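S.K.: what would the 3D arrangement of this be:
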Amino acid sequence: MEGFIPLYIFMLAAFTGYEVISKVPVILHTPLMSGSNFVHGIVLVGAMVALGQAESFMETLIGFIAVVLAAGNAVGGYVVTERMLEMFKSSKGGSKP
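M.R.: Residues are numbered from 1 along each chain as shown. Purely as a prediction, here's the structure:
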């Protein structure tokens with residue numbers, strides 16, 4: 001890749017990652033989790049671009065593994081956040097000891 005194409009891909013990945021993360025209200029995330037999920041979104045988009053550019057079987061295999069791991073990482077961030085939020089919800093109908 002030559003010229004501004006890598007910069008364009010980076011900017012597109014950053015924008016996409018930001019848009020994905022911005023759909024979750026900021027108050028629900030600690031700053032660390034929000035930053036982490038943003039980075040994972042960028043990694044996922046970058047892995048998909050790398051997989052799209054793959055020409056040999058080995059490049060395709062590595063790209064596929066990168067996409068799977070990046071997607072698992074991004075989804076895992078949201079799962080952890082959801083579990084963390086569950087700790088702060090009050091139990092309905094339950095009596096406190």
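S.K.: wouldn't residue 48 be in contact with residue 64 here?
M.R.: No: at 10.2 Å, residue 48 and residue 64 do not qualify as touching, with contact defined as Cβ atoms under 8 Å. In short, each C-beta sits where N, CA and C put it, glycine included.
S.K.: give me the residue ranges of this protein where confidence is low.
M.R.: Scanning the chain for pLDDT under 70 picks out 1-2, 24-35, 91-97.
S.K.: picking that back up, between residue 48 and residue 64, who's got more neighbours?
M.R.: For residue 48 versus residue 64, neighbours defined as other Cβ atoms under 10 Å are more numerous around residue 48 (17 against 13).
S.K.: is the more buried one in a helix, a strand, or coil?
M.R.: Secondary structure, DSSP: H, G, I helix; E, B strand; the rest coil: residue 48 is helix.
S.K.: what's near enough to touch it?
M.R.: By Cβ atoms under 8 Å, 6 or more residues apart in numbering, the contact list for residue 48 reads residue 67.
S.K.: and it, how far from residue 37?
M.R.: According to Cβ to Cβ, to the nearest Å, residue 48 and residue 37 sit 17 Å apart.
S.K.: about what we covered before: shared neighbours, residue 48 and residue 64?
M.R.: Common neighbours of residue 48 and residue 64, using Cβ under 8 Å, 6+ apart, do not exist here.
S.K.: sounds good, over and out.
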